[in-house]
Each structure stands twice: as structure tokens, then as C-alpha cells.
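>>> predicted model, plus sequence, below.
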Amino acid sequence: MMRRRMRMKTLGFMAAAIAAALACDAQGNMDLYLLIGQSNMAGRGVLTDSNRVSADGIFKLDAAGEWQVAEEPIHFDKPTIAGAGLAASFARAMADRHTGVPIGLIPCAVGGTSINRWVESGDLWSNAVARTRIALRSGTLKGILWHQGEGDCSASAAPAWGAKFEGMIASLTRDGRSSMRTCTRLRAKCPPIAWRPRRD
């Protein structure tokens, strides 16, 4: 029994070492994707053996700024409820399309947050920029995935959401304002949002 436990521990250490080596080898030529928003981006789906997405060739920047194999959950904003989300499936599609190019995910989403924390100089905007600067040492930023809105779903907040979103995108992609300038520039324009109370 003791030998079996030791063997299992040894295998665990070996697996961790191999994963770390793979992450190290992938650095420098990754296609990077920044993940921002609230819980729909962070992922809250139930994870099972049948719905887990293969992480082969996909890596994620952990809370300490280190690359790890991108096993789900991808995000760590709320560890007790983090689960399946869109990031892993998106990364799998990118990795399968661009064979041989490692994919690097930069998880920054935080559940339950308002866009006010994501606008320029907001705490989550600043965190996303700082983490992206770390990730850029290992590759090129190819895209930004954004999924947010429920945190501003009120009669007072909704009308201003579009303008704040446009400003956030401009601040993230403006040349010289952040190290995200390697990303293809985006042009975002939101139509006026009319608030309609929900009717059940």
C-alpha cells in the first residue's frame, strides 16, 4: 500500500514537471487572447469528464503570472464556483485551426462586476493591462474576448453602457497607451441602449 502511494505521488510530480516543461517550451511564440468581463466569461458551468475540453497545445496565465497547461476551470476569480466557460472551447478551435501554434489565454474576468471597473484606469482594466504585459513576453496578442453586461442591467446604468464600452475598447487598443498595441485595432460602436423593464 505504501509503495503504491509513493508510486502515485511520483507520477503526480512527473506530470507536473512535464506540464511545466511544455509551458516553458511554448513561450515566445504563442497566439495570445485576453479574456475579460464577468461570470459568463469566467465560466460557471458544471465540469464533468464528458464535457472537459482538451488542453493540448493550450496554456493559461495563472494568478502568479506563470504559464500553466490550460485545464479547466480557466479562471480563478472565484475558485469555489469557477467552472466551464467559453474560453476553453474557443482556444481549442484556435489551436485546431492553427496547428503547431500554441495558444495562450490571459484570464482576467471577474464575476458580478460592473463595466465601471473595466473602463480606463479602473482596477480590473489596470489588472488586465498588467497581466497582458507579462503575457506579451511569450507571444503576440491576437484578440480580446469580452462578455459582460448583467452587472449594468438597470434603468440607471444601461443607457451609459455603450459609451463606456467604446471607451474601454479604445483605451485597450490605442497605440502608445498600453502594450496591447500589437493587437489588431478594433472599431467599436454601440447603438443607444433603450432600457426596457423585464416582464415575467
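Here it is on my side, so go on.
>>> in which helix or strand would I find S126?
helix 123-135 (DSSP states H and E).
>>> kindly provide the whole-number mean pLDDT of that helix.
Per-residue confidence for helix 123-135 averages out to 94 on the pLDDT scale.
>>> give the pairing partners of the helix or strand just after it; include direction for each.
For helix 123-135, the succeeding helix or strand toward the C-terminus, using DSSP H and E, is strand 139-147. The pairing partners recorded for strand 139-147 under DSSP bridges are strand 30-37 (parallel).
>>> pull the partner strand out as PDB, backbone CA atoms only.
C-alpha atoms of strand 30-37 as PDB (Å, rounded to 0.1, in the frame of the first residue of the first chain):
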ATOM      1  CA  MET A  30       2.100  32.000 -28.500                       C
ATOM      2  CA  ASP A  31      -1.000  33.400 -30.000                       C
ATOM      3  CA  LEU A  32      -2.400  35.300 -27.000                       C
ATOM      4  CA  TYR A  33      -6.000  36.000 -26.200                       C
ATOM      5  CA  LEU A  34      -7.200  38.300 -23.400                       C
ATOM      6  CA  LEU A  35     -10.300  37.200 -21.500                       C
ATOM      7  CA  ILE A  36     -12.300  40.000 -19.800                       C
ATOM      8  CA  GLY A  37     -15.800  40.500 -18.400                       C
END
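>>> quick revisit: residues making contact with the helix holding S126?
Among residues not part of helix 123-135, those counted as contacts by C-beta atoms under 8 Å, 6 or more residues apart in numbering are 30, 32, 34, 36, 61, 65, 104, 106, 108, 110, 113, 117-119, 141, 168, 171-172, 178-180. In this view, the C-beta of every residue, glycine as well, is placed from N, C-alpha and C.
>>> please pick the buried ones from those.
The neighbour count (16 or more other C-beta atoms under 10 Å) marks 30, 32, 34, 36, 61, 104, 106, 108, 110, 113, 117-119, 141, 168, 171-172, 178-180 as buried among these.
>>> just checking, which of those belong to helices?
Where the buried ones among the contacts of helix 123-135 overlap with helices, as defined by DSSP state H, the overlap consists of 168, 171-172.
>>> and which of those is nearest G100?
Compare each of those with G100 using C-beta to C-beta and the shortest gap goes to L172, at 28.3 Å.
>>> dump the residue contacts of V110.
When contacts are counted by C-beta under 8 Å, 6+ apart, V110 touches 38, 42, 77-78, 117, 124.
>>> buried among those? Make that a PyMOL selection.
For selection in PyMOL, the members of the contacts of V110 meeting the burial criterion (16+ other C-beta under 10 Å) are listed in this command:
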select buried, resi 38+42+77+117+124
